[in-house]
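# Just the structure for this:
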Amino acid sequence: LLTDRLRSDRNRKPICTSAKRVKARFSLATEKLGNRYSAEGQNRLMRVHYQVAMILLLCSLTSIGQQQPAPGKDMNASSGSSLVSGVVNGRVYLGDTKAPARNAEVYLQPVESLLVDGPPGHGKGQDQGITISVETSFDGRYSFPHVPFGSYYVVAVDPGYISPYVSLSLAEGRSSSEAPPGTQQKAARERVLRSLPRVDVQSSLPVDIDVVLERGAAISGTIAYDDGTPASGVQVSAMVRSSEAEKESWVPVEMASNQLGLGVACDDRGNYRISGLSAGRYIVMASLNAMRSIRYISSTGSSGMGSNGSASSLNIYSGSTPRMKDASSFSLALGEERSAEDIRIPLSKLHTISGNFVSAQDGHVVNSGGAVLLNADDNSFVATASTTEDNPGVVFYFVYEGDYILSSSMSADVDYVPISQPHSDVPMPPQYEGKPRHFYGSASKPLHVEGDMEGVTIEVPEPTAKEAQMFKSMQEQEQQNRSGAPK
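Residues are numbered from 1 along each chain as shown. Below is the predicted model:
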C-alpha cells in the first residue's frame, strides 16, 4: 500500500527506481573491485552490499512517511484522525541529598481536579480528566506517553518526603466538613498549588520538567503495655493541629505510603516510625481495636464470619492518656527527627463493663438495644455496644478508670425468627429476622469505673409520644422497604 501511494505521488520519483539505482551503484563498485577479491570474497561483499541497500531503502520509506504535508493540508486528513496527545518527561530528585528518587510515584494530575473554587457540583461525578501515574526508574527518570492535551500538575510522592496531596488535605482543613473552604483555607491551598510543577501539553513535542522532593520530619518511638510487653501490630498515627472553620482541632495525618491512610503498625518489638511530616504541632495516637467475631470454616477450607455485636476500640495519646484533651503535644521543624515518643498502654487500668436493658415498668430483660458510653465531664464519645440474637446483654471493653454516662436511645422486645438459607459451600452464621413487639424510650445513668463491672442495668421507660411516633414511622418504612412499595 505504501509503495502504491508513493508511486502515485507526482512530487517524488518511484521508490523502486531509487532502490534499483542503489543496487546498481553497489554492483558497479563490486565489478571494479573484482580484480582485488576472490570469487568467494566478491559473493560475501555482495551480500553485505544488499544488506546495506535494504537498510537505506527502509530509511527512505520511514523518512518519506514522516514528511510534512503541503501547506494548508491537514496532516491527518486522509485518515480522519487528529493528533491530541503529547509526552511529558523528567526526573525526580531528593532535595536533601540531590540523589535521584528511585521507584517514586509520579502523578500527572489535571489542574481542573484540584481547583479551589469550582462551579456548583464540582467534583461530584463530573469528568475532570484522567490522573496518570508511573514509577521512576533507578536514575529517577519518568515518562508519560500519550498525554491528552491540557494542563497538569506533576506530583511526586516518596516515603520520607512531603506529599503534596497530604499538604493539600491539611491546608484545606476540612477533614469531615462538606462546607466550602473559607478564606484561610483557600489561601493555604493556593500556596501549596503554586509550589507544584505545572505543565501545559498543547502539541506532540515532548515537555521536560524535573521535580525536587522535600525531606519531611519524622517521629519514632515504642508502644508497649504497662506490663512491659511490646504492643506489636498496634496502629500508630500522627495528628496535627489544624484550623477548621476558624476552630482549632487535632486532625489525623494521612500517610503517603499507606493507601488506607491508617498510620503505621508497630513491629514485633513495638517500634514505629512516621515520616514525611510537614512542620507543625503534633501528638501521637495508638489505637487498640477488638472485634469479638465468630468464624465458620468448612471441610473444604471456605469460611464465613459473623459478629456477636461487640466491637471496641480505644485510643491512647502522647503522654499515655486516653483523653485527647490531656495529650502532650510537641512541635516539629521541617526535616527534624524526633525519637523516644513512647506510649504505655495502661492495661491495668482498662476494664470490662457488661450489663442488660431492663423494663422500668416490670423489670424484665429487654433483649434488643444499643448503649453508648460518654465521658461525664464533656459528653465526648468513648464506646458503643449492642445486643445480639444470642446475647441480650451489652459488653464494653477497654474502659479506662473514671466517670462516665451510660445511655441508650432505643431498645425493644424483639422476636427473632430464623431465616432459612440456601445451600452454599461457604459456611455462614445463622441468620434471623427481628420482629419488634414493643419499643422503649431513651434512658441514661452515671457510671463510676474503677474495676471490672458485671450486672450493670439500664432501666428503660415507656416511650414518649414523640418517640412512639418515631418508632411507628420506622416500622412503616421497614415494611415498605420489604414490600418494595414507594416511600
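
# Tell me where the stretch 351-487 of the chain has helices.
465-483 (DSSP state H, counting those that start in this stretch).

# Tell me where it has strands.
365-366, 368-375, 381-386, 393-400, 402-408, 411-419, 431-440, 443-449, 453-460 (DSSP state E, counting those that start in this stretch).

# State which strand of the protein is the longest.
The strand that spans the most residues within the chain, counting by DSSP state E, is strand 280-297.

# Please point out which parts of that one sit buried.
For strand 280-297, the neighbour count (16 or more other CB atoms under 10 Å) marks 280, 282, 283, 284, 285, 286, 288 as buried. The way it works is simple: take the backbone N, C-alpha and C, and place the C-beta from them, glycine included.

# Spatially nearest residue to the last one, not counting backbone neighbours?
So that's residue 288. Leaving aside its chain neighbours, residue 288 sits nearest to residue 314 (4.5 Å; criterion: CB to CB, 6 or more residues apart in numbering).

# Tell me if I'm right that the one you found and residue 381 touch.
No - contact criterion CB atoms under 8 Å: residue 314 and residue 381 do not qualify, at 11.9 Å.

# residue ranges with poor pLDDT in the stretch 51-200 of the chain?
51-83, 116-128, 173-181 (pLDDT under 70).

# got the residue ranges for the strands in it?
With DSSP E, counting those that start in this stretch, the ranges of strands along the stretch 51-200 of the chain come out as 85-94, 105-110, 132-135, 141-148, 150-157, 198-201.

# looking at the ones you listed, which is closest to residue 339?
Nearest to residue 339 among the strands of the stretch 51-200 of the chain is strand 85-94; the distance by CB to CB comes to 21.7 Å.

# what residues does that closest one touch?
Contacts to strand 85-94, defined as CB atoms under 8 Å, 6 or more residues apart in numbering, come from residues 99-101, 104, 106, 108, 136, 139-149, 152, 154, 156, 158, 161, 199, 201-213, 215.

# How far off centre is that strand?
24 Å (CA atoms, centre = their mean, to the nearest Å).

# go on, stretch 320-334?
On CA atoms, centre = their mean, the centre of stretch 320-334 falls 25 Å from that of its chain.

# For that stretch, buried residues please.
Buried, per 16+ other CB under 10 Å, within stretch 320-334: 320, 321, 322, 323, 327, 332.

# Among those, which are located in strands?
Cross-referencing these against strands under DSSP E gives residue 332.

# Just flag the most distant two among the buried residues of stretch 320-334.
So, the buried residues of stretch 320-334 by CB to CB: farthest apart are 322 and 332, at 23.5 Å.

# quick one: the strands in the stretch 201-350 of the chain?
Counting by DSSP E, counting those that start in this stretch, the strands of the stretch 201-350 of the chain are 207-208, 211-213, 217-225, 235-244, 247-252, 264-265, 271-277, 280-297, 303-317, 330-332, 337-338, 343-345, 350-359.

# Just the CA coordinates for the fifth one, please, in PDB.
If I follow you right, that is strand 247-252. Output of strand 247-252 as PDB, limited to C-alpha atoms (Å, rounded to 0.1, in the frame of the first residue of the first chain):
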ATOM      1  CA  LYS A 247     -11.700  26.400  65.200                       C
ATOM      2  CA  GLU A 248      -8.600  24.500  66.000                       C
ATOM      3  CA  SER A 249      -8.600  20.700  66.300                       C
ATOM      4  CA  TRP A 250      -6.400  17.700  66.000                       C
ATOM      5  CA  VAL A 251      -6.600  16.100  62.600                       C
ATOM      6  CA  PRO A 252      -5.100  12.700  61.700                       C
END
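
# so it versus strand 235-244, what angle?
Interaxial angle, strand 247-252 versus strand 235-244 (axes from the mean of the first three to the mean of the last three CA atoms, to 10 degrees): 160 degrees.

# any idea of the mean pLDDT for strand 247-252?
What strand 247-252 shows for mean pLDDT is 87.

# Could you list every helix and strand that it packs against?
Judged by 3 or more CB pairs under 8 Å, 6 or more residues apart in numbering; DSSP states H and E, the packing partners of strand 247-252 are strand 235-244.

# Paired strands for the longest strand of the chain, with orientation please.
Using DSSP bridges, the strands paired with strand 280-297 in its sheet are strand 235-244 (antiparallel), strand 303-317 (antiparallel), strand 330-332 (antiparallel).

# Go through these and find the least confident stretch.
strand 303-317 (a mean of 70).

# follow-up on the earlier one: quick one: the strands of the stretch 201-350 of the chain as TSV, columns for distance to residue 420 too.
Shown next, in TSV, are these (distance: least, CB to CB, whole Å):
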stretch	distance to residue 420
strand 207-208	64
strand 211-213	59
strand 217-225	46
strand 235-244	40
strand 247-252	44
strand 264-265	41
strand 271-277	48
strand 280-297	17
strand 303-317	16
strand 330-332	59
strand 337-338	59
strand 343-345	45
strand 350-359	29
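
# Just give me the neighbour total for residue 428.
Neighbour count for residue 428, taken as other CB atoms under 10 Å: 13.

# Touching, it and residue 421? I think so.
Yes - if you go by CB under 8 Å, residue 428 and residue 421 touch, sitting 6.3 Å apart.

# which residue packs closest to residue 154, ignoring adjacent ones?
Spatial nearest neighbour of residue 154, chain neighbours left out: residue 197 (4.4 Å); criterion: CB to CB, 6+ apart.

# Could you report the distance from that neighbour to residue 217?
Separation of residue 197 from residue 217 (CB to CB, to the nearest Å): 23 Å.

# quick one, which of the two is more surrounded?
residue 217 (23 against 15).

# What count of nearby residues applies to residue 473?
Count around residue 473 with other CB under 10 Å applied: 10.

# Provide a list of residues in contact with it.
Counting by CB under 8 Å, 6+ apart, residue 473 has no contacts.

# ok, so what distance separates it from residue 466?
Residue 473 is 11 Å from residue 466, by CB to CB.

# Next: residue 367.
Distance from residue 367 to residue 466, by CB to CB: 24 Å.

# Same question for residue 233.
46 Å.

# just checking, residue 461 touches residue 362?
No - the pair residue 461 / residue 362 is not scored as a contact, 11.7 Å apart, by CB under 8 Å.

# Looking at the two, which has the bigger crowd around it?
Neighbours were tallied for residue 461 and for residue 362 using other CB under 10 Å; the higher tally belongs to residue 461 (13 against 6).

# Next, give phi and psi for that one.
phi -90, psi 180 (degrees, to the nearest 10).

# Then residue 158?
According to degrees, to the nearest 10, residue 158 has phi -150, psi 140.

# ditto for residue 269
phi -100, psi 10.

# Might you report the residue contacts of it?
With CB under 8 Å, 6+ apart, residue 269 has these contacts: 222, 230, 232.

# what's the spacing between it and residue 221?
Distance from residue 269 to residue 221, counting by CB to CB: 11 Å.

# Next: residue 384.
Distance from residue 384 to residue 221, counting by CB to CB: 30 Å.

# Also residue 209?
38 Å.

# out of these two, which sits in the more crowded spot?
residue 221 (21 against 14).

# can I assume that one is in contact with residue 337?
No - taking CB under 8 Å as the definition, residue 221 is not a contact partner of residue 337, at 11.6 Å.

# that older thread, with neighbour numbers in mind, choose between residue 314 and residue 381.
Neighbour totals were compared for residue 314 and residue 381, and residue 314 leads with 18 against 9 (other CB under 10 Å).
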